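Engineer: Have a look; sequence and predicted model below, questions after that.
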Number of protein chains: 2
Amino acid sequence: MPRVTLKIGLFGCGTVGGGVFDLLHSPARRLQFRSAGVEALVSKICVQNVAKDRQLQHFSAAETSFTSSYSDILEDASINCVVELMGGVDDAKDVVFGAIRAGKHVITANKALVANFMPEIVQLLAQHPHVRFGYEAAVAGGIPIIHTLQGAYDSDRITEIAGIMNGTTNYMLSKMEAEGVAYDAVLKEAQDLGFAEANPSADVDGYDVQSKIAILAKLGFGGVVKPADIPTVGISRISAADFEYAKMMDSTIKLLGVAKLLKPADEKTGAPQEVTVYVSPVVVKHSNVIASITGATNLVNVRSDNLDSSAYVGPGAGRFPTANSVMNDIIQLARGDAPLDPFKTSVPVTLQPDYEAHFYVRITITDGLGVIRHVGQLAEESGVSIYSILQAPIVDRANVQFVVTTETSLLSKVRAMCQKIAALPFVQEEPLYLPIM
Amino acid sequence: MPRVTLKIGLFGCGTVGGGVFDLLHSPARRLQFRSAGVEALVSKICVQNVAKDRQLQHFSAAETSFTSSYSDILEDASINCVVELMGGVDDAKDVVFGAIRAGKHVITANKALVANFMPEIVQLLAQHPHVRFGYEAAVAGGIPIIHTLQGAYDSDRITEIAGIMNGTTNYMLSKMEAEGVAYDAVLKEAQDLGFAEANPSADVDGYDVQSKIAILAKLGFGGVVKPADIPTVGISRISAADFEYAKMMDSTIKLLGVAKLLKPADEKTGAPQEVTVYVSPVVVKHSNVIASITGATNLVNVRSDNLDSSAYVGPGAGRFPTANSVMNDIIQLARGDAPLDPFKTSVPVTLQPDYEAHFYVRITITDGLGVIRHVGQLAEESGVSIYSILQAPIVDRANVQFVVTTETSLLSKVRAMCQKIAALPFVQEEPLYLPIM
């Protein structure tokens, strides 16, 4: 694709949109961009309330106008690129699909839109081969993980992608580990500080990570994985006690999105590759670089045949990190370097909901004689081998927690074992089970 | 640039060259590449000894021939790309410069060549605007740091690049920390295992990192920095005792290449930006992600206005990691996506050899009364403020080591202080001084 002078229609002018505008329109950067052959300006901004002061530092009414009408941009033939930063799914979908149909390039930070409508977007792009589609900002904020997966693994084979991709929950887990704070207290604090939403479900229940790992799974393995099909466990059951037990294992707990190749495609039978994708808190050894990522920082770790292990670390959210990723898409597009196949070639994938790992199982009981014997028996019945049993000093005999770790076991077997354990009379709740990395 | 069908002349067919050949010629990948519009094959391989079996898995004499003559490739008009993996500087320079002059694209893993002849290469490329130049494999093995610095920071401002970019020394330092082994023992072990050369100077004296940080400094700040102008300290004076003291500081020691913006360009006076670049063992807090990188893994950490801190981690060397980076250059070139300005726009830079940091100063004495008073007096005379004094339990009174850490001080003042301390009668050797990150 040749270089292109971009006239941009920007949808949304909040934290990220305003950041993109100011980065793009700053006089110093415009000179730099021009000298590097990048020509791009925002000509219209679509917002609900055009009267509101957007506090843009580099705004000029001669160059840019505000509108509250989608069609003002979508039907403007002089605009050749739509940058969608309005969030939500329904209206954003109308805007993004409308833009592609109108032959406009699209850049979006909308992970839910990209993850949930990937087949439709891929199909629409195939019908409009001149349209380029950028979504670097949709996953892991400022980390250039989309461009990297698009360009750095073409002669490699990815076997696993695992990432800390939600800053809010990583902040909360880091705080729980460092200060021994309870989940409810740290959630309240994160809400007070504005890191967590009043309704924190998208973060703490793992849905945000679910969208992101669905996108990375497509880039890693070629197959569309529906977010709704991804087994997703959030952090709301993680307690201060879990960090104590993790510490005994020289480990910590991180909420990860994981996409893993279980079995490559079979050339003889034609059976497609088998991949497992899940979101779960994971027990991670302190020696693993993933454990060193604290606070709102994100990390994506990629395992592959050629590189073994490579990791990308950076800010997961925020005005300028996210705006920087949008800018990278804009510059790549203006230079004519945006990839033809932003989601890479489609390859069939069988999603396997079951996977093998060592598991951490925390069991809460009213003290009972023979507990270990009972648990051992149920493990044996379920086909799960126990690797170790950890017991912190008991403080309250009516409320005892202990941890069993398993040998490599199938998730389904561990789940079955936990359901049986939950039915024991002296067990207070269904055991918490987490994979160990 | 449009897509291009590459006929490659490969110089060198050792560990990395053979890896590139097999990745490129593997039948499965050729299908994949073709479906992604990438057409590239090696048509000639230049090696000293054409009779030697290169153990290539996917070699076909119908497609590829061996030669020992440079001109056989350089004068072959059908070859449009040279991949230089022969190493060394003199011959490699003839090959690379000859290829550019002949209008052939160049891909090289040769850090010393790129670092030492950057101005000449930039000038030559300007004279041959259709030639693309890839060097992803020259720095940090499999980490896509060159492409990332070329593409992910264009609307950002980089303020610091710091990296672990030598796997051999990082392996040695990790081993010294984990096992309390002495420097000489760990060097011998690394040599026995083939990780370190019989003449280990390029690694342990920091020259390898010197070339790499010179290249990254160009991409980060725009200015050419001559490797020979970079103050470079290796690891040969690091002892097991230094790791004990680092541990007291909840830190470890890493050999880093650092390039740091001291002062931005002054628009009013026209004064260029001031940058400091150095190679040195650095005391790094365990909480810093850099400290978590052990063994032969590399890391590059980039500080910038938009992203604050981002890090890239992966294998620093080896057949397939390095070959993968060469492949990424080949694929980018074949797709027509190779950047016009592989070294980015040139911007004037003043290299400032002095920089400020907290410093770690390890002093070795025959026990003497009033040592601390003397050292304190010399620090004061040198304009250096002491922040802390650390003293491990004394084992041998004739050979006592202790550590002074300083407040933020100029390197030049710390150096002057150390020279004065070295002149004290009870001091055994010039103190070791390392910046603290």
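Structural biologist: All right, it came through fine. Residues are numbered from 1 along each chain as shown, chains lettered A, B, ... in the order given.

Engineer: now the nearest residue to residue A:201 once chain neighbours are set aside: how far from chain B?
Structural biologist: When the adjacent residues along the chain are set aside, residue A:201 lies closest to residue A:207, with 6.9 Å between them (C-beta to C-beta, 6 or more residues apart in numbering or on different chains). Any C-beta I mention is one placed from the backbone N, CA and C, and that applies to glycine too. Using C-beta to the nearest C-beta, to the nearest Å, one gets 25 Å for the distance from residue A:207 to chain B.

Engineer: so residue A:207 makes contact with residue A:233?
Structural biologist: No: if you go by C-beta atoms under 8 Å, residue A:207 and residue A:233 don't touch, sitting 11.1 Å apart.

Engineer: picking up where we left off before, tell me the contacts of the residue nearest to residue A:201?
Structural biologist: Residue A:207 makes contacts with A:201, A:227, A:232, as judged by C-beta atoms under 8 Å, 6 or more residues apart in numbering or on different chains.

Engineer: count of neighbours near the first one?
Structural biologist: I take that to be residue A:201. When neighbours are counted by other C-beta atoms under 10 Å in any protein chain shown, residue A:201 registers 12.

Engineer: same deal with residue A:129?
Structural biologist: 8.

Engineer: Does the nearest residue to it once chain neighbours are set aside lie in a helix or a strand, and which?
Structural biologist: Of all residues not flanking residue A:129 in the chain, residue A:340 sits nearest, at 7.9 Å (C-beta to C-beta, 6+ apart). Remark: residue A:340 resides in no helix or strand, with elements defined by DSSP states H and E.

Engineer: got the residues of the stretch 201-350 of chain A near chain B?
Structural biologist: Proximity of the stretch 201-350 of chain A to chain B (C-beta under 8 Å from any C-beta of the partner chain) is limited to residues A:287, A:289, A:291-294, A:297, A:305-315, A:320-321, A:323-324, A:327-328, A:331-332, A:337, A:339-341, A:345.

Engineer: so where's chain A uncertain?
Structural biologist: Scanning chain A with the threshold set as pLDDT under 70 gives A:368.

Engineer: Break it into its domains for me.
Structural biologist: Domain segmentation of chain A under the TED database yields A:6-134, A:145-315+A:346-351, A:356-435.

Engineer: and these, which is most packed in?
Structural biologist: Stretch with highest mean neighbour count among those: domain A:145-315+A:346-351 (a mean of 20; mean count of other C-beta atoms under 10 Å in any protein chain shown).

Engineer: Save the domains of chain A as a markdown table, and put in distance to residue B:73 too.
Structural biologist: Converted to a markdown table, these look like this (distance: least, C-beta to C-beta, whole Å):
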| stretch | distance to residue B:73 |
| --- | --- |
| domain A:6-134 | 32 |
| domain A:145-315+A:346-351 | 22 |
| domain A:356-435 | 50 |
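
Engineer: Would you tell me which of those domains gets closest to residue B:416?
Structural biologist: Nearest of these to residue B:416, taken as C-beta to C-beta: domain A:145-315+A:346-351 at 36.5 Å.

Engineer: Just the endpoints, please. Distance across the closest one?
Structural biologist: 23 Å (C-alpha to C-alpha, to the nearest Å).

Engineer: now stretch A:61-81
Structural biologist: End-to-end distance of stretch A:61-81 (C-alpha to C-alpha): 19 Å.

Engineer: got a list of contacts for that stretch?
Structural biologist: So stretch A:61-81 is contacted by A:4, A:6-9, A:11, A:21, A:25, A:40-50, A:82, A:91, A:94-95, A:98-99, A:102-107, A:330, A:333 (C-beta under 8 Å, 6+ apart).

Engineer: surely residue A:255 meets residue A:280?
Structural biologist: Yes: taking contacts as C-beta under 8 Å, residue A:255 lies within contact range of residue A:280: 7.5 Å.

Engineer: got any residues that touch both of those two?
Structural biologist: What both residue A:255 and residue A:280 touch, as defined by C-beta under 8 Å, 6+ apart, is the set residue A:206.

Engineer: Can you tell me which residues in the stretch 1-150 of chain A are near chain B?
Structural biologist: For the stretch 1-150 of chain A, the contact set with chain B under C-beta under 8 Å from any C-beta comprises A:23-24, A:29, A:32-33, A:35-38, A:142-144, A:147-148.

Engineer: out of these, what pair is the most spread apart?
Structural biologist: Maximum distance among the residues of the stretch 1-150 of chain A next to chain B (C-beta to C-beta): 27.3 Å, for A:35 and A:143.

Engineer: how close does residue A:227 get to chain B?
Structural biologist: Residue A:227 sits 26 Å away from chain B, going by C-beta to the nearest C-beta.

Engineer: from memory that residue sits against residue A:209, does it?
Structural biologist: No: counting by C-beta under 8 Å, residue A:227 stays clear of residue A:209, with 9.9 Å between them.

Engineer: Tell me where the stretch 51-200 of chain A has strands.
Structural biologist: Using DSSP state E, counting those that start in this stretch, the strands found in the stretch 51-200 of chain A span residues A:65-67, A:81-84, A:105-108, A:133-134, A:158-164.
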